[in-house]
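[1] The sequence and its predicted three-dimensional model are supplied below.
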Amino acid sequence: MRILVTGATGQVGRHLVAQLHEAGHDVRALSRTPAEAGLPTGVEVVAGDLTDPTTLKAAFDGIDAIHLITFGGDHDLTNGPEIIDLAARHGITRATVLGGWSPTSIESALESSAIRWTLLQPAEFMCNALEWADEIRSHGTVSMLATFPSAVVHEADIAAVAATALTHEGHEGRSYPITGPEALTPAQRARTIAEATGQDIAFVHLSKDAERARLRGYGYDEEYVEFGIQLATNPPEASGVVLPTVEDITGTPARTFAQWAREHAERFRTAP
């Protein structure tokens, strides 16, 4: 099976490319900058941009299945009908879609196509904790307003569910909510990173105003800042619900945050 992975250099895409390649599949990776992709030897990397379907014809040629992301740059894709029509005309018959907060034009277009597809709906990515790295290295703290538990999921597990759905029968028409094996508060995740790095890390609970200042410091606009406040103070009930999807679909237990923290410990460790 020849599989095209879009978003191939992203947090999930890199794992998916590697897993499919290691399993012996013929993998093609889509990248805006192929020379900088840094993907495994033997993976075909081609230039293309989902926001411009005219760049996708060569990438779609000869492909059997495709992994799709639903965003281009900082925005949800609005040209789903063009992308899916092109995929169908190139004979692509199977797809996985990495979904976000709400449906996009990609899902809508797939619903009216003949392509068999599976929707992946992951919980919060474990890699979101990388936003804490600068503060941990400089101050030994994690400061934020949110205190609710989140069933954070390892990006490699999202990729593993995608790989299974792309290469095995029986997953078409399904939506898979994907979580990690435990729901952890930010303070618990900070302690886990402390254990992985061997250094002290304190959790600091911020006020709403201090949280606004923190989010602005990342360059977020005011609309997103207020969204962050609402999320921190009124989290969705599903955020802390642990589901068995990863093991049910892949046959392997979901990876823990402790494992993720060990893999990324150097990103948080203060230089001697």
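    Received, thanks. Numbers count the residues shown, from 1 in each chain.
[2] The stretch 101-250 of the chain: helices as residue ranges?
    Using DSSP state H, counting those that start in this stretch, the helices of the stretch 101-250 of the chain run over residues 105-111, 133-139, 155-167, 186-197, 208-217, 222-233, 245-250.
[3] how about the ones you listed, which one is nearest Gln19?
    Among the helices of the stretch 101-250 of the chain, helix 155-167 comes nearest to Gln19, with 4.9 Å by C-beta to C-beta. Bear in mind the C-beta positions are built from the backbone N, C-alpha and C, glycine included.
[4] list the buried ones in that closest one?
    Going by neighbour count (16 or more other C-beta atoms under 10 Å), the buried part of helix 155-167 is 155-167.
[5] what's the closest of those to Asn234?
    The nearest one, if we look at those relative to Asn234 and count by C-beta to C-beta, is Ile158, at 25.3 Å.
[6] just checking, Gln19 touches Ala159?
    Yes: Gln19 is in contact with Ala159 according to C-beta atoms under 8 Å; the separation is 5.6 Å.
[7] Centre-most residue in this protein?
    Geometric centre of the chain, nearest residue: Val12, 4.7 Å, by C-alpha atoms, centre = their mean.
[8] Now the element after the helix or strand hosting Trp260, going C-ward?
    In this assignment (DSSP states H and E), Trp260 forms part of helix 257-263. Moving toward the C-terminus from helix 257-263, the next helix or strand (DSSP H and E) is helix 265-268.
[9] starting at the chain centroid, how far to that next one?
    Distance of helix 265-268 from the chain centroid (C-alpha atoms, centre = their mean, to the nearest Å) equals 20 Å.
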